[in-house]
Every structure is written in C-alpha cells, then in structure tokens.
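Enquirer: Show me the folded form of this:
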Amino acid sequence: MKTFHCQFCGHPVFFENVSCLQCESALAFLPDRLNIAAIEPVAGDGQELWRPRVRGRKAAPARYRRCGNHAQNGCNFAVPANDPNAFCVACRLSRTIPDLSQPENPGRWVKVETAKRRLFYTLAKLGLVATCPPDGAADGPQFDFLADLPGQPVMTGHAAGLITINVAEADDDERVRRRLQMHEPYRTLLGHFRHESGHYYWDRLIDEGGRTEAFRQVFGDEQQDYAQALQAHYERGGTTEGWQDRFVSQYATAHPWEDWAETWAHYLHMVDLLETAASYNMRLTVPGQDLEVEDVVNPLETGQPDFDVLVEQWVPLTLLVNSLNRSLGQEDAYPFALSPGALEKLRYVHDVICETRSASRSQGAQPQQGASATPVKKAA
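Expert: Next comes the predicted model:
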C-alpha cells in the first residue's frame, strides 16, 4: 500500500492512523477519494459532521460522518454525510461479527476488520468494488467473522458470495500452529482475505463473466468433484511432486478453484507491494548485475500496467524484501519462486482484472453487484 501524508501538516501517516502524531489532527480515510485526510468537526443539523482540513486552502465543501464502528473497533473510514448507512463501505460488508462479550474476541475483531479494510482498498483501486454504492448499499463479498464453539469448529471459506473467517486466525500463535500443521510457507490474516476474495471473484468474473472456457485452458477443468479433490490433496499430505513447475503454491494443486484463488491472492500481493515500493520512489539494482530497474511502477495508479514490467520489477523487489527480513533475523516474507507456468496463470488474472477495470471505468464505476446493506450482527 502507498504511503499517505497528513494533508494539514504533510507528516507521513499510515493507513490505519486515526490521528496525526505531528499536528494532532484527526484523520479519516475517505473512500470516495481513496485517500487519508486530516479532518475537523463542523456544525451540521444535529449530526456530528467533519470536513477535510487543509492548511492554507479554503475549507472543502464535502461533509462526512465517522463510521458507526469508529468507537468500537477504531475504524477510520468516513461516511459521506448524505449516505443513509451508519457504517462505512467496508464495515457494511460484515454480515456477522464475533460475540464481543467473549474476552478474546474484541481484539480479534479489530484485527480482522483491519485486514478487511486493506483488502477493500486494493479491490477499490483495481475497480472491483464501488467506493460510493448508491443508497447505502454494500458492494462486494459479505463476511461472517466467527469463533469456534465446543464441538462446532469454524472453517474459513467462501460460499455463494459469503466469506467466513475463523477469528482465531487473528491470534499469532494459532495461525503459526496451523501454518506448520498444513506445511504452508506463508499464512497471514490478510492472505486469507485475499485468497477467499479470489473465490468470490471467480464467481463474478469467470463464471458470471462468461470466461469459463478460457479459464479451463489455463487452470484446468473446475467441474471435477471439489470435495474429492480436497480429500485426495490432504491424503497425500498436501504435497504434489513437481508442483513448482505450474503452481504458485502446493495448495493450488488441490483443485482449479484453489489454483485460481491462490494465484489471485498472489496477484494482490504483487500489486500491493509494488505500490508500496513506488510510493517510496524506489529504484532497484540487483547486486552483482549492472542492470538498474527503472522507477518502480505503481500498478494501482497505471491504467493498463504491462505485466512483463510488473514481473521484471517484482523479482528484485522480493529479493530485497527477503534480504531485509533476514537481516532482522526473520524468515523470508516472500517464500516463493515463480515458474513460467505460474507466471502464465498470474498473467491471466492480470488480464481479467485489467479488462474488468476498463469496463468499470467506461461504465462510470458502477458496482459489480448491488445489494442492500446488511445490519451488523453478532455471533459466537
């Protein structure tokens, strides 16, 4: 994700910040602008309204409210004053939240909502969700955030537009335990969101988008029995000989749907990290080589980024990230090596997203799927 700056004093701020450490201005993320803004209160018809605060410029006419979850989980997304929904465009995607009377759940809820807002940002920059859906509607996948109960384990997954996340994944120790148990080199909370969103967008962009035949030519036939494929995957210990030649991960070998979701998540990793590097005006030189990479491209700002350029810059960037991690005694942040077969699948995801992005812009960025906003409910 790119770096942000307080629009009042210019100090760097992060995506999750609710106040500027330099000038102490209140901060909010404005989804309609996809940017962080310093804000100040303004009187308004019995509502607590805010407006952007910019030094040396006339006050902006735009008015916002804080998200209805601001006090509970620190959500820093703003809601346009004329939006009838109490919740921001990201929070209204949460159909069910965990039971906050359980002592471990409030902290988990904060973490899963933070990861979901990061996912929303990337999807919005790619033109895959509407930042201002009409009449307080929700656009994009719905989420159930659930915790295990005795005899009732929660499985993270996707079904018919609804993504379920086991909030235990917000616990570092539990997530590491599962990563080791499942023989996964990479397992993060944000990674779960990106993977499961891939299943949602397979329905939207591939199945409903009339791309199934093209998909099968790249990923294989998704009509094979999904439950049997997963069972076979786990019976062989989650490993497949020679998987590196065609897949981004071992889990991707389980079924074409999982191959797509893993590749989709990988693409989101790629564009997000490249945007971060671009926002720092990075130029990369691989040690031992004279070739200098040009300024890193921000794929979330470029209308039709060239896939070959993204890959050309991605490889040395991941080498740098891993080297920095090792310098701090940490494991590789990016424990993958992309083969030509895996890159072919990433290119397909890239092309589908670019086609969708172009269509979204030509249609005035209308929502992919309009839906009435669902009240946030609590669950165990």
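
Enquirer: residue contacts, Leu34?
Expert: The contact partners of Leu34, taken as Cβ atoms under 8 Å, 6 or more residues apart in numbering, are 121, 124-125, 131. All C-beta spots, glycine's among them, are computed from the backbone N, C-alpha and C.

Enquirer: give the contact list for His192.
Expert: Shown in contact with His192 (Cβ under 8 Å, 6+ apart): 115, 156, 165, 169.

Enquirer: Which residue ranges of the stretch 251-380 of the chain form helices?
Expert: For the stretch 251-380 of the chain, the helices defined by DSSP state H, counting those that start in this stretch cover 256-279, 307-327, 340-362.

Enquirer: can you point me to the longest strand in this protein?
Expert: As assigned by DSSP state E, the longest strand anywhere in the chain is strand 35-42.

Enquirer: For the spatially most central residue of the chain, give me its contacts.
Expert: In the chain, the centroid-proximal residue (Cα atoms, centre = their mean) is Leu119; its distance is 1.9 Å. Neighbour list for Leu119: 190, 193-194, 197, 268 [criterion: Cβ under 8 Å, 6+ apart].

Enquirer: so which two of those residues are the farthest from each other?
Expert: Maximum pairwise distance in these, criterion Cβ to Cβ, is 10.6 Å, between Leu190 and Ser197.

Enquirer: Of the two, which one has the most company?
Expert: Ranked by neighbour count (other Cβ atoms under 10 Å), Leu190 and Ser197 place Ser197 first, with 25 against 19.

Enquirer: pretty sure the more buried one is in contact with Pro141, am I right?
Expert: Yes - with contact defined as Cβ atoms under 8 Å, Ser197 counts as touching Pro141 (6.2 Å).

Enquirer: Between these two, which contacts overlap?
Expert: Counting by Cβ under 8 Å, 6+ apart, the shared contacts of Ser197 and Pro141 are Ile163.

Enquirer: Poorly predicted segments of this structure, please.
Expert: Counting by pLDDT under 70, the ranges of the chain that qualify are 44-45, 286-293, 360-380.

Enquirer: Strands of that one, start to end?
Expert: Using DSSP E, strands in the chain cover 4-5, 12-13, 26-30, 35-42, 49-52, 64-66, 78-80, 94-98, 138-139, 142-146, 157-159, 162-166, 370-371, 377-379.

Enquirer: now what about the third one, what contacts it?
Expert: In this case it means strand 26-30. Taking Cβ under 8 Å, 6+ apart as the rule, strand 26-30 contacts 6, 13, 15, 17-20, 35-40, 50, 52, 62, 64, 66, 76-78, 117.

Enquirer: what about Leu230, how many neighbours?
Expert: For Leu230, using other Cβ under 10 Å, the count is 15.
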